[in-house]
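Student: sequence unknown, structure follows:
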């Protein structure tokens, strides 16, 4: 097979980037197998190694290639696509992966509930079979991009007589269907990128079930593992992200410097570089298989580090760090955290230790699955869900 660099070069020659319509251009890239090169042929890939993806992406970025709707990669690329690839039917893969990649259809995640956050398996949203459909009733919360999403990956309880992990099933929910009510949740930053979603008699075709009935927890685990790698171990260059913003301020604003802040900046710079290199090694190690619990460690470190960096950033700015002039209710999907006020970044990063798995739960996962420490005592694992106290 022709090497990937040559394929990318040929594709760029045949599909100029200047003035190209992003959806059409990305659709052509998908059809050429250069979207996710490690995916199978016909599904946006070429069956190449997972490690080849970064080089392909970098080549397209260097060519100023069109990028998808900025809202699309958040859930779609990182969580929905790998889950659909692993558990979807041929029809589901053909239907959903291409418009997901082009950004024509944005995805959200309908997992957490008011009474089931850290312990997701206790969720109460019900899905009752009615012929070839499932009738779904319940409430979800902290639904990122739910207000712009066309599809949601949904976990619901299909058998309350089974223990909490066994009575769940996984669905692909059309967010435009009757009975789906998306309401904004205003955050400490003043904006609402998250939502609560009320599901009232929503009818989901059985053809939109992902995996077998009762295997929802197994499917959801794949989603969650990919989520943590997506958040905590994404590809980055040196000084990408928040550490780059703070280091830039330090270099350009010498009047803000103090010896104590300099020492903290150096330590955080080293920590950020260590996380970047560790994430690179993690992605290489995962090239041959699905993400494992190692992603939890990367995501935990990501959250802790971001909060420390933004705390330093606020102190570095002095009185300026207390200013906050952006109270936008709905953040534009192309907004970049790094370009916002220091005060915004400080407040927004508080959410890093909650979203994508709380830091407390991630520490439990690390202790249990990586360090092999004794499991936390649990008395509700084998009890039918309907008999659990709530």
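Tutor: Perfect, thanks for sending it. The shown structure was predicted, so the numbers you read here are calculated from the model rather than taken from an experiment.
Student: burial of residue 359, as a residue count?
Tutor: 17 (other C-beta atoms under 10 Å). For glycine as for every other residue, the C-beta is placed from the backbone atoms N, C-alpha and C.
Student: With adjacent residues omitted, what lies nearest to residue 29?
Tutor: residue 35 (5.5 Å; C-beta to C-beta, 6 or more residues apart in numbering).
Student: Can you report how many residues neighbour the one you found?
Tutor: 27.
Student: And residue 205, by the same measure?
Tutor: 13.
Student: so it bridges to which residues?
Tutor: Counting by DSSP bridges, residue 205 forms beta bridges with residue 133.
Student: hang on, residue 184 packs against residue 148?
Tutor: No. Contact criterion C-beta atoms under 8 Å: residue 184 and residue 148 do not qualify, at 11.6 Å.
Student: Looking at those two, which is more packed in?
Tutor: Higher neighbour count among residue 184 and residue 148: residue 148, with 18 against 15, using other C-beta under 10 Å.
Student: still on that earlier bit, assumed the residue nearest to residue 29 was part of a strand.
Tutor: No. Counting by DSSP: H, G, I helix; E, B strand; the rest coil, residue 35 falls outside a strand, being coil.
Student: tell me the contacts of it?
Tutor: Residues near residue 35 by C-beta atoms under 8 Å, 6 or more residues apart in numbering: 26, 29, 44-45, 101.
Student: which two in these are spaced the farthest apart?
Tutor: 26 and 45 (14.1 Å; C-beta to C-beta).
Student: Those two: who's more crowded?
Tutor: Ranked by neighbour count (other C-beta under 10 Å), residue 26 and residue 45 place residue 26 first, with 26 against 20.
Student: sec struct for the more buried one, please.
Tutor: Here residue 26 is recorded as helix under three-state DSSP.
Student: could you point out where this structure is predicted with low confidence?
Tutor: Applying pLDDT under 70 to the chain picks out residues 1-2, 71, 228-235, 283-293, 325-339.
Student: Can you pull the domain assignment for it?
Tutor: 4-102, 107-214, 233-370 (automatic domain parsing).
Student: Now render the ones you listed as TSV, adding distance to residue 223.
Tutor: Listed next are those as TSV, based on distance: least, C-beta to C-beta, whole Å:
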stretch	distance to residue 223
domain 4-102	5
domain 107-214	6
domain 233-370	10
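Student: Figure out which of those domains is closest to residue 387.
Tutor: Across these, closest to residue 387 is domain 107-214 (C-beta to C-beta), at 9.0 Å.
Student: Could you give the separation of the closest one from the chain centroid?
Tutor: Computed by C-alpha atoms, centre = their mean, to the nearest Å, the chain-centroid distance of domain 107-214 equals 16 Å.
Student: Residue 378: how many residues sit nearby?
Tutor: Residue 378 has 8 nearby residues by other C-beta under 10 Å.
Student: any idea how far residue 165 is from it?
Tutor: 11 Å (C-beta to C-beta, to the nearest Å).
Student: again, but for residue 219
Tutor: Taking C-beta to C-beta, one finds residue 219 at 12 Å from residue 165.
Student: Residue 135 now?
Tutor: From residue 135 to residue 165 the distance is 23 Å (C-beta to C-beta).
Student: so residue 373, which of the three states?
Tutor: Put simply, residue 373 is coil when judged by three-state DSSP.
Student: these two touch, right, it and residue 364?
Tutor: No. Between residue 373 and residue 364 there is no contact under C-beta under 8 Å: 9.4 Å.
Student: Next, give phi and psi for the residue nearest to residue 46 when sequence neighbours are not counted.
Tutor: Computed as C-beta to C-beta, 6+ apart, the closest residue to residue 46 that is not its neighbour in sequence is residue 33, at 4.1 Å. Here is the backbone geometry of residue 33 (degrees, to the nearest 10): phi 80, psi 20.
Student: Identify the residues contacting residue 33.
Tutor: Residue 33 touches 7, 39, 41, 44-46, counting by C-beta under 8 Å, 6+ apart.
Student: roughly how far apart are it and residue 57?
Tutor: On the measure of C-beta to C-beta, residue 33 and residue 57 end up 14 Å apart.
Student: for residue 346, same thing?
Tutor: For residue 346, the distance to residue 57 - C-beta to C-beta - is 30 Å.
Student: The two: which is more packed in?
Tutor: Taking neighbours as other C-beta under 10 Å, residue 346 and residue 57 compare with residue 346 leading, 24 against 17.
Student: quick check, that one in a strand?
Tutor: No. Per three-state DSSP, residue 346 lies outside any strand segment and is helix.
Student: was I right about it contacting residue 315?
Tutor: No. Residue 346 is beyond contact range of residue 315, at 9.7 Å (criterion: C-beta under 8 Å).
Student: any shared contact partners between these two?
Tutor: Common contact partners of residue 346 and residue 315 (C-beta under 8 Å, 6+ apart): residue 321.
Student: Any chance you could list what contacts stretch 5-21?
Tutor: 2, 25, 28-29, 32-34, 46, 55-56, 59-60, 63-66.
Student: at 7 Å what do you get?
Tutor: The set of residues external to stretch 5-21 that reach it, using C-beta atoms under 7 Å, 6 or more residues apart in numbering, is 25, 28-29, 32, 34, 56, 59-60, 63-66.
Student: Quick one: buried ones out of these?
Tutor: 25, 28-29, 32, 34, 56, 59-60, 65-66 (16 or more other C-beta atoms under 10 Å).
Student: okay if I get those residues as JSON lines plus distance to residue 265?
Tutor: JSON lines is the format used below for those (distance: C-beta to C-beta, whole Å):
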{"residue": "25", "distance to residue 265": "40"}
{"residue": "28", "distance to residue 265": "44"}
{"residue": "29", "distance to residue 265": "39"}
{"residue": "32", "distance to residue 265": "44"}
{"residue": "34", "distance to residue 265": "39"}
{"residue": "56", "distance to residue 265": "34"}
{"residue": "59", "distance to residue 265": "33"}
{"residue": "60", "distance to residue 265": "33"}
{"residue": "65", "distance to residue 265": "34"}
{"residue": "66", "distance to residue 265": "36"}
